[in-house]
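**Student:** Following is a predicted model, sequence given first.
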Amino acid sequence: MGLPFRDLVSPQQLDWPALAGRRLAVDAYNAIYQFLATIRQRDGQPFSDAAGRPTSHLIGVFYRTTALLGQGVLPIWVFDGRPPDLKAGTLRARFVAKERAESEWKEALAAGDLETAKRKAAATSRLTRGMAEECQELLTALGVPVIRAPSEGEAQAAAMAAQGQAWAAASEDYDCLLFGAPRLVRGLAARGQRSGSPGAQVIDRAELLAALGISSEELLLIGLLVGTDFNDGAPGVGPKKALTLVRRHLGWEATLAAAGLDAAELTPVAEVFRHPEVAEVPPPVFGPVDDGAVERLLVEGHGFSPERIRAAIGRARRRPPVAASPAENHGRQTLIEAFGGDAP
DNA sequence: CACAGTTA
DNA sequence: TAACTGTGG
């Protein structure tokens, strides 16, 4: 899945006030897949409405978004378009892995092993076109901008951060860094309004390169060596070995050759990262929550509890004040700007 | 995942 | 108030 960069990066912890007033280009598919994997019952069965239609994606998107807004964080949800042709192999492998997890889930259930069952069930998650559209509809009703990327959502999110339309890209996958995001926000689980709640971690791309002593192209090389969604990587080479090799600064061809990879074959893969297919998008605008539309979708459409929905919308409206001093406010958007000059 | 109710 | 546990759909 994502690049194994955990051992290479040293993230900086951010509390909620540090994120307030900032726009985040959220990798929607990454977040929703996590919701589908984790918002499940004890036996691994996903949540569903009375008609048996899944609702885990809606629960996750709704509560994540209202929690972020309640913290003053401004999420722009960026959805995937058509995957690059080079991803076909990865997509096939994922399909096979899901089939396998499906049978292992059933086996665990038959054996009465609920813990394994839930873990296997998580790996069967499928995000359908209809589910993505439903999430987009919900987000629009919440007054939150939705971007449909032409191709990879992470690439679009990275581009938006690079262009300053967002402060950072938000994803659990490190791929955003290869796509050029200047900052990557991870761990965006918005554990309530509670004091001392964790907030999130940020990885600054320039700081990362400086700390590792490598260039942008060399970071891409590490990706190619360990493998991405678009290539297999060198056998036996993980992040540590890849970094050691890249630090010899042998250059593009020699580095790949040293790991037994064919540079010519990897040029199109590198191009996906260097020049990803992204769209120019208008400045994202946040609007007011359309209570009626949210309730129609969640309460009437899927049997959510109206009390819970109203309570969460209320929390989303109760945003913290914008940063106190101009210095602290640097790089942030005031809530009046964010809400199209119509702050409540 | 995030909420809500419970417990100490 | 914080930590824990069951529930939501």
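**Tutor:** Structure received.

**Student:** from here on, contacts and neighbour counts on C-alpha atoms
**Tutor:** Noted.

**Student:** Just the buried positions in the longest helix belonging to chain A, please.
**Tutor:** Longest helix in chain A by number of residues, with DSSP state H as the criterion: helix A:88-110. Neighbour-count burial for helix A:88-110, counted by 16 or more other C-alpha atoms under 10 Å, picks out A:90, A:98, A:101-102, A:104-105, A:108-109.

**Student:** For it, name the packing helices and strands.
**Tutor:** Contacts defined by 3 or more C-alpha pairs under 8 Å, 6 or more residues apart in numbering; DSSP states H and E place helix A:88-110 against helix A:114-122.

**Student:** how much space between A:L184 and A:L225?
**Tutor:** Distance of A:L184 to A:L225, computed by C-alpha to C-alpha, to the nearest Å: 21 Å.

**Student:** sorry, that was for A:F95
**Tutor:** 24 Å.

**Student:** so who does A:L74 touch?
**Tutor:** The contact partners of A:L74, taken as C-alpha atoms under 8 Å, 6 or more residues apart in numbering, are A:20-24, A:68, A:144, A:338.

**Student:** Mind doing that once more with 10 Å?
**Tutor:** A:19-26, A:65, A:68, A:144-145, A:166-167, A:285-286, A:333, A:335, A:338-339 (C-alpha atoms under 10 Å, 6 or more residues apart in numbering).

**Student:** and what of A:L14?
**Tutor:** A:185, A:198-202.

**Student:** do the same with A:L142
**Tutor:** A:L142 neighbours (C-alpha under 10 Å, 6+ apart): A:62, A:65-66, A:69, A:136, A:286-291, A:293-294, A:313, A:316.

**Student:** what's it sitting at in phi/psi?
**Tutor:** Per-residue torsions, A:L142: phi -80, psi 0 (degrees, to the nearest 10).

**Student:** Write out the residues of chain A neighbouring DNA strand B.
**Tutor:** By C-alpha under 7 Å from any atom of the strand, the residues of chain A that approach DNA strand B are A:34-35, A:38-40, A:59-60, A:63-64, A:66-67, A:188-193, A:308, A:311-312.

**Student:** Got the phi and psi for A:L184?
**Tutor:** Torsion angles, degrees, to the nearest 10, at A:L184: phi -120, psi 130.

**Student:** List the contacts of it.
**Tutor:** A:11, A:24-26, A:157-158, A:161, A:167-177, A:201-205.

**Student:** what about it, distance to DNA strand B?
**Tutor:** From A:L184 across to DNA strand B, the span is 17 Å (C-alpha to the nearest atom of the strand, to the nearest Å).

**Student:** What of A:P198?
**Tutor:** Distance from A:P198 to DNA strand B, by C-alpha to the nearest atom of the strand: 10 Å.

**Student:** Check A:E102 too.
**Tutor:** 20 Å.

**Student:** Identify the residue nearest that residue in space, chain neighbours excluded?
**Tutor:** A:T124 (5.9 Å; C-alpha to C-alpha, 6 or more residues apart in numbering).

**Student:** Is it correct that the one you found is in contact with A:R94?
**Tutor:** Yes. Between A:T124 and A:R94 there is a contact under C-alpha atoms under 10 Å: 9.4 Å.

**Student:** so what sits against both of those two?
**Tutor:** If you check A:T124 and A:R94 against C-alpha under 10 Å, 6+ apart, the residues they both contact are A:R100.

**Student:** Need the mean per-residue confidence for stretch A:140-154.
**Tutor:** Average pLDDT, stretch A:140-154: 98.

**Student:** Now the terminal residues of stretch A:130-150, how far apart.
**Tutor:** Taking C-alpha to C-alpha, stretch A:130-150 runs 17 Å from one end to the other.

**Student:** give me the low-pLDDT residue ranges for the stretch 51-200 of chain A?
**Tutor:** By pLDDT under 70, the weakly predicted segments of the stretch 51-200 of chain A are A:190-197.

**Student:** need the contact list for the residue in it positioned nearest to DNA strand C.
**Tutor:** Proximity of the stretch 51-200 of chain A to DNA strand C (C-alpha to the nearest atom of the strand) peaks at A:T55, 4.8 Å away. Neighbour list for A:T55: A:35-36, A:39-40, A:46-49, A:131, A:134, A:298, A:302-304 [criterion: C-alpha under 10 Å, 6+ apart].
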